[in-house]
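Asks: just the structure for this:
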Amino acid sequence: MKNHLKASFAIFLSAAIVASTPSVQARGSEENFEGIKAGVQAGWERREADEDLLPAPNTSRLKDKANGVSYGGFIGYDAQFDKFVLGVEADFSPNGKTLRSSVVNNGTIELDSKWSASASARAGVALAPRILAYGRIGYSVNRYTVRGFAAGSDTPVATSKATGDGLLYGGGLEYAVNRNFSIGAKYRHLDNDNSLEASQILGRMSIRF
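Replies: Have a look, this model is predicted:
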């Protein structure tokens, strides 16, 4: 199933790249979402996990949720065709949440997210010359470390490092202050391995070149 999702996303991403390849034509007077872009984003995130982790004989179930701040940067390219916009984007976030659960014999297990990144394609429509509504689908990765602790100890009895991956989807709104600067907000959901999920509401600012 995961290979099928990866293949479907690769086809969609390739089509978006071809469609958004820069042309030699100049921008139209109302093409406010055209060109290379770079920016920052930050906002609220909720992470949760419900999965058996760590190799035997230290396998334990982690079930926890955590809210907090998420931030990072992104680069991408959009092509505008009248009111329609197609684009591709890559982003990186250096922060993550730590999830913890109690296990048998009063021990604990924790999942410490180190960083996350994604590649995605978006398609949208300009509701007005400066307002864009869009949907997004992509592929995300999350690097994390899992540790198991005995009761009363700060030294892990077992440690495992892994990179989870999975589907990303969501949507948002973008407002073009002018052709070179825009602000916006988006929602996205990430499904990674080991039942690690994240929901995010992010504000963002971008500069177009």
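Asks: skipping adjacent residues, who's closest to the residue most central in space within the chain in space?
Replies: Residue closest to the average C-alpha location in the chain (C-alpha atoms, centre = their mean): S118, at 5.2 Å. Closest residue to S118 apart from its sequence neighbours, by C-beta to C-beta, 6 or more residues apart in numbering: S140 at 3.9 Å. From N, CA and C alone the C-beta is placed, and that goes for glycine too.
Asks: how far off centre is the helix or strand hosting L190?
Replies: Using DSSP states H and E, L190 maps to strand 181-191. Relative to its chain's centre, strand 181-191 lies at 9 Å (C-alpha atoms, centre = their mean, to the nearest Å).
Asks: re the thing from before, my guess is the residue nearest to the centre of the chain contacts A90, does it?
Replies: Yes: using C-beta atoms under 8 Å, S118 makes contact with A90 at a distance of 7.0 Å.
Asks: what's the neighbour count on A126?
Replies: 21 (other C-beta atoms under 10 Å).
Asks: could you measure from it over to F81?
Replies: 10 Å (C-beta to C-beta, to the nearest Å).
Asks: F33 now?
Replies: Taking C-beta to C-beta, one finds F33 at 10 Å from F81.
Asks: the more surrounded of those two?
Replies: Neighbour count, other C-beta under 10 Å: between F33 and F81, F33 has more, with 28 against 12.
Asks: what's the helix or strand for the residue nearest to the centre of the chain?
Replies: strand 108-128.
Asks: that strand pairs with which strands, and in what direction?
Replies: strand 84-93 (antiparallel), strand 98-102 (antiparallel), strand 131-149 (antiparallel) (DSSP bridges).
Asks: nearest to S160, out of those strands?
Replies: When the strands paired with strand 108-128 are compared by C-beta to C-beta, strand 131-149 sits nearest S160, at 4.6 Å.
Asks: the following helix or strand past that closest one packs against which elements?
Replies: Using DSSP H and E, the helix or strand that follows strand 131-149 in sequence is strand 156-178. Counting contacts by 3 or more C-beta pairs under 8 Å, 6 or more residues apart in numbering; DSSP states H and E, strand 156-178 is packed against helix 2-19, strand 108-128, strand 131-149, strand 181-191.
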